[in-house]
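K.L.:
Sequence isn't available, so here's the structure alone:
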Ligand code: SF4
Ligand code: SF4
């Protein structure tokens, strides 16, 4: 039995600890995550490269979230702590296993445990159900895909599936299942609601790690055998759509925790698009581009998960009462917390020196290199998706600046540091470290990229300008620019201009109040932050104006609400038709039926 | 292309500021100084045209009078002028005349006069109306926000202090007056040009 299974067992056992004390559970979780992290980094034997990479990302988030939870969870029911730990155990099972059955067991454990965790917050029954419904939909799709392959090949081991004639159909079913979990359009509506309303430590877990598991599943499938073109095209298109919708709604919302929720939709959309891009690139025989796209995907996954986990934790501290931005109160965060808020939001907005910048650049670079492909239709498609993703990155800036100006910035001022600050410090230092020295991470994704395309990820590292080789990222083989150059050029020219203007005394500043048309209006309301988007893209937001205030609603969510209402009334009607009268008579029927079946069986034997 | 062409040609619809025809100014201002005026436009036997409402209650036959603006402290500008217009309590007639300035007939853009939506970009604060309680702090704030050098030009009998007990001068320093009730657009343009140090005549 290897050490990873022992750690998994530890997490599973820790889910019993809340009976004694919730704090103890979280401490145990933190210790186990730290142990996991240590083992993954320094003694990574007996785990395959892909799982190791994903487990590493997860362990970072788990450690941060567990440390945070120690002080956060002091008024939720004990189920929250239990489900937090149990979900981790489920996810580890997913990462460790080599066969489909254990994978699905892990998947179910993760989903059901998270569902219980979401219900821990009262009045969230509906959102928790929504989570469960889509979770089960995804599980069913995965089951269908895996089942098809298992029956056809007679093996439940992933490795036994290679060369199956049903590969494309099964691959599509399973990856669609994973994509539902990652909130692909049009299934994205559940995510912001469920993640936005869950307790913060669980939201971080859901958004950062649970969706990562979906990605892991997809990459796993990809490594077994490459699928047909059309699957890549499908994910390209829907990934791009998901990304742009997620970004647009994230920019529109003024709910502290739905914003990161929508941002997760956006990032997952980018990941899905990159997934499609990798498939397409490889199918057209461009191994370099495929390797680079997969590298972008994996790196982006890291940037998204760590920063998003951190952002959700911060959002949990900002949340207060209605969960809207104007209610954010001072004194919720220590200085370190504010910095963590800045770091995570800046990373998600794609600003150097955080990994989000590099991830964004890698993603765009790989999607916009479509002219390398021979097929003109594919070029247009990739260009289209690439521009959608580029637009996404721009809109994400609006959302993240909202998070900073109306959230993190206003919540500072708490004296004294707690355990959670240790978590913040850890996550921020990881972000900074990886943002500045990404080479290490490239080394970690090497096995995955190599298994997929035959090229090493570290081949995209170069050296120039006296910087030692191995630290500079370059799109070797198809593009000349490096994000480091970009960063240096932009910041140096900005600094230079500033210095010239300051030095020459051209810039004379005078500080006056903002002119608000004579109204006493010191607050710049969060809705005004995105008002331009809300007004100009009214068709997307369904914007309406009432007594001078803007309201908007997510279009697709409305459609789902109608659908679910229709379904409910249908089932009500059905119930009426089938079982009129009292429940006890119904139970008696069932008993009777059971007894007769039993008797029939006895007789038949 | 057509923008450049239009800018170069330019269609001047009114003769101003080349010459001011008598028809362009409203028939106003008593020919001779009246004996008394219910609105206090006559002081020590002299008519103060800035305060006259053209109401004819004084029974003096109307005539024409051209020096109806009084700019004391012009800017040392050669070219464009940016104006922020503030209504501190008008009957709206002054506003309508100011609005004419941007129309095709007077078109102050051709003279390099531009209206700004915020006082932070303005050289001249153009004020009309009797300062009401609610607008006094706004007036002061707008003045404060303006960058140096800044000037205040007041429009109409209200702002000049004839109709109400208050006048703009009581709250912010005033550098020029345009008379009339309401003042005609040509008068306003003249006031603005004088304020910019570009007196046409
Ligand atoms: S305000 Fe009326 S009464 Fe007074 S001078 Fe002018 S026209 Fe005569
Ligand atoms: S000066 Fe005359 S036109 Fe202007 S606001 Fe006063 S009353 Fe109206």
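P.N.:
Done, it's in. From a predicted model like this one, the values you see are computed outputs, not experimental measurements. Numbering: from 1, shown residues only, chains lettered A, B, ... in the order given. Ligands and ions are numbered 1, 2, ... in the order given.
K.L.:
and residue A:517, how many neighbours?
P.N.:
Using other C-beta atoms under 10 Å in any protein chain shown, residue A:517 has 9 neighbouring residues. (C-beta placed from N, C-alpha, C; glycine too.)
K.L.:
again with residue A:129
P.N.:
When neighbours are counted by other C-beta under 10 Å, residue A:129 comes out with 16.
K.L.:
And it, which helix or strand is it part of?
P.N.:
helix A:125-153 (DSSP states H and E).
K.L.:
Please point out which parts of that helix sit buried.
P.N.:
A:127-132, A:134-139, A:141-150, A:153 (16 or more other C-beta atoms under 10 Å in any protein chain shown).
K.L.:
For ligand 2, what's the nearest residue on chain A?
P.N.:
residue A:518 (18.0 Å; C-beta to the nearest ligand atom).
K.L.:
pretty sure that residue contacts residue B:141?
P.N.:
Yes - the pair residue A:518 / residue B:141 is scored as a contact, 6.8 Å apart, by C-beta atoms under 8 Å.
K.L.:
Now do the strands in the chain.
P.N.:
Reading this off chain A. With DSSP state E, the ranges of strands along chain A come out as A:461-462, A:472-473, A:544-546, A:549-551.
K.L.:
ah, no, chain B please
P.N.:
Using DSSP E, strands in chain B cover B:28-30, B:42-43, B:46-47, B:62-63, B:69-71, B:81-87, B:113-115, B:124-128, B:151-155, B:176-178.
K.L.:
Figure out which of those is closest to residue A:29.
P.N.:
Between residue A:29 and the strands of chain B, the shortest gap by C-beta to C-beta is with strand B:81-87, which sits at 60.9 Å.
K.L.:
do the closest one and ligand 2 meet at all?
P.N.:
No - Strand B:81-87 is not in contact with ligand 2 by C-beta under 6 Å from any ligand atom; minimum separation 8.3 Å.
K.L.:
got the angle for that strand vs strand B:124-128?
P.N.:
30 degrees (axes from the mean of the first three to the mean of the last three C-alpha atoms, to 10 degrees).
K.L.:
Least confident secondary structure element in the chain?
P.N.:
I'll assume chain A. Within chain A, no helix or strand scores below strand A:472-473, which has a mean of 62 by mean pLDDT, DSSP states H and E.
K.L.:
returning to that earlier point: now do the helix holding residue A:129: which elements does it pack against?
P.N.:
helix A:100-119, helix A:167-181, helix A:190-197 (3 or more C-beta pairs under 8 Å, 6 or more residues apart in numbering or on different chains; DSSP states H and E).
K.L.:
and it, how far from the chain's centre?
P.N.:
18 Å (C-alpha atoms, centre = their mean, to the nearest Å).
K.L.:
Report the angle between it and helix A:190-197.
P.N.:
Going by the same axes, to 10 degrees, helix A:125-153 makes 130 degrees with helix A:190-197.
K.L.:
what about helix A:125-153, average pLDDT?
P.N.:
Per-residue pLDDT over helix A:125-153 has a mean of 87.
K.L.:
Per-residue pLDDT of residue A:94, please?
P.N.:
Value for residue A:94, per-residue pLDDT: 91.
K.L.:
now swap in residue A:305 and tell me
P.N.:
Looking at residue A:305, the pLDDT reads 94.
K.L.:
separation between it and residue A:277?
P.N.:
20 Å (C-beta to C-beta, to the nearest Å).
K.L.:
more crowded one of the two?
P.N.:
Ranked by neighbour count (other C-beta under 10 Å), residue A:305 and residue A:277 place residue A:277 first, with 32 against 24.
K.L.:
Tell me how many other residues crowd the closest residue to that one other than its chain neighbours.
P.N.:
Spatial nearest neighbour of residue A:277, chain neighbours left out: residue A:293 (4.7 Å); criterion: C-beta to C-beta, 6 or more residues apart in numbering or on different chains. Residues contacting residue A:293 under the criterion other C-beta under 10 Å number 30.
K.L.:
need the contact list for residue A:293.
P.N.:
A:274, A:277-278, A:281, A:366-367 (C-beta atoms under 8 Å, 6 or more residues apart in numbering or on different chains).
K.L.:
how far away is it from residue A:273?
P.N.:
10 Å.
K.L.:
which residues are in contact with both of those two?
P.N.:
residue A:367.
K.L.:
Now chain B against ligand 2: closest residue?
P.N.:
For chain B, C-beta to the nearest ligand atom, closest residue to ligand 2: residue B:156, 2.7 Å.
K.L.:
thought residue A:313 was touching residue A:67?
P.N.:
No - assessed by C-beta under 8 Å, residue A:313 is found out of contact with residue A:67, at 9.4 Å.
K.L.:
Chain B against ligand 2: which residues are in contact?
P.N.:
Counting by C-beta under 6 Å from any ligand atom, chain B sits next to ligand 2 at B:90-91, B:93-94, B:128-129, B:156-158, B:163, B:181-182.
K.L.:
which stretches of chain B have low pLDDT?
P.N.:
B:6, B:9-15, B:17-18, B:20-24, B:26-27, B:65-67, B:200-201 (pLDDT under 70).
K.L.:
Next, count neighbours for the residue of chain A found nearest ligand 1.
P.N.:
At 30.7 Å from ligand 1, residue A:518 is the closest residue in chain A, using C-beta to the nearest ligand atom. Number of residues near residue A:518 (other C-beta under 10 Å) recorded here: 16.
K.L.:
related to what we said a few turns ago, and for residue A:313 and residue A:67, which residues touch both?
P.N.:
A:420, A:423.
K.L.:
State the pLDDT value of the residue of the stretch 401-550 of chain A found nearest chain B.
P.N.:
Across the stretch 401-550 of chain A, no residue is closer to chain B than residue A:518, which sits at 3.5 Å (C-beta to the nearest C-beta). pLDDT recorded at residue A:518 is 77.
K.L.:
What separation do you get for it and residue A:317?
P.N.:
36 Å.
K.L.:
do residue A:415 as well
P.N.:
Taking C-beta to C-beta, one finds residue A:415 at 15 Å from residue A:317.
K.L.:
the more surrounded of the two?
P.N.:
Shown here are residue A:415 and residue A:317; by other C-beta under 10 Å, residue A:317 has more neighbours (25 against 7).
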